[in-house]
Each structure stands twice: as structure tokens, then as C-alpha cells.
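Enquirer: Fold the following, please.
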Amino acid sequence: MEPEIIHIPELAQMLSRSESAIRSARQASAAWLPPSFKQGNRICWRVSTVRQFLQECESGLHAPARPGRKRQAPPTLTL
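Expert: Modelled structure (predicted):
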């Protein structure tokens with residue numbers, strides 16, 4: 001039976017990242033990290049939330065905003 005709540009080591013394995021990368025990303029509020037919660041002193045994730053977050057990333061919902069100003073349409077020529 002799979003656990004419903006996972007911690008940093010399990011999330012690191014699930015995302016193919018190191019534990020230190022997960023800790024650093026959490027401190028920096030990285031966009032690629034699913035939302036977490038605290039249970040006592042431990043940082044936790046629900047497996048269902050992580051899977052849903054990954055599916056949303058695949059569909060492009062969590063894409064970072066592109067830097068720079070928005071393009072304007074070129075002026076049209078009127079004759």
C-alpha cells in the first residue's frame with residue numbers, strides 16, 4: 001500500500017531530484033515544486049496533490065511567465 005503523505009526523501013525520488021535541491025527550492029518558492037504543508041516540524045506533500053501538480057505542469061498550467069515587455073501588433077498601412 002502506498003502512503004498518502006510523503007516527505008522530502010520520497011518527493012526527491014519521485015521528481016528525480018536531490019533532497020538538497022528540494023530543500024533549496026522550497027526556501028526559494030520555486031515554481032516547479034508542488035505546494036507543501038507542515039506536520040509538526042516535517043514538511044509534507046500529499047501524493048495525490050503531487051501527481052495532480054505534475055499533470056498540470058505537463059499541460060502547461062504552471063509555465064513561468066516570460067520576461068520582457070509584450071509585443072505590439074505592427075501598424076497597418078492605409079492607402
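Enquirer: how much space is there between residue 24 and residue 68?
Expert: In this structure, residue 24 and residue 68 are 26 Å apart, going by CB to CB, to the nearest Å. Every residue, glycine included, has its C-beta placed from N, CA and C.
Enquirer: Which one's more surrounded, those two?
Expert: Neighbours were tallied for residue 24 and for residue 68 using other CB atoms under 10 Å; the higher tally belongs to residue 24 (13 against 6).
Enquirer: ok, and what's touching the helix or strand in which the more buried one is found?
Expert: Secondary-structure element containing residue 24, defined by DSSP states H and E: helix 19-27. By CB atoms under 8 Å, 6 or more residues apart in numbering, the surrounding residues in contact with helix 19-27 are 8-9, 11-12, 15, 17, 32-33, 36, 43.
Enquirer: likewise stretch 71-79?
Expert: Residues contacting stretch 71-79 (CB under 8 Å, 6+ apart): none.
Enquirer: gap between the two ends of that stretch?
Expert: Between the opening and closing residues of stretch 71-79 lies a distance of 25 Å (CA to CA, to the nearest Å).
Enquirer: tell me the mean pLDDT for it?
Expert: Over the span of stretch 71-79, the pLDDT mean works out to 82.
Enquirer: Also stretch 52-65?
Expert: Regarding stretch 52-65, the rounded mean pLDDT is 82.
Enquirer: Mind listing what's buried along it?
Expert: Applying a neighbour-count criterion of 16 or more other CB atoms under 10 Å, one finds residue 53 buried in stretch 52-65.
Enquirer: Over to stretch 64-73?
Expert: Buried positions in stretch 64-73, judged by neighbour count with 16+ other CB under 10 Å: none.
Enquirer: how far is that stretch from where the chain is centred?
Expert: Taking CA atoms, centre = their mean, to the nearest Å, one finds stretch 64-73 lying 22 Å from the centre of the chain it belongs to.
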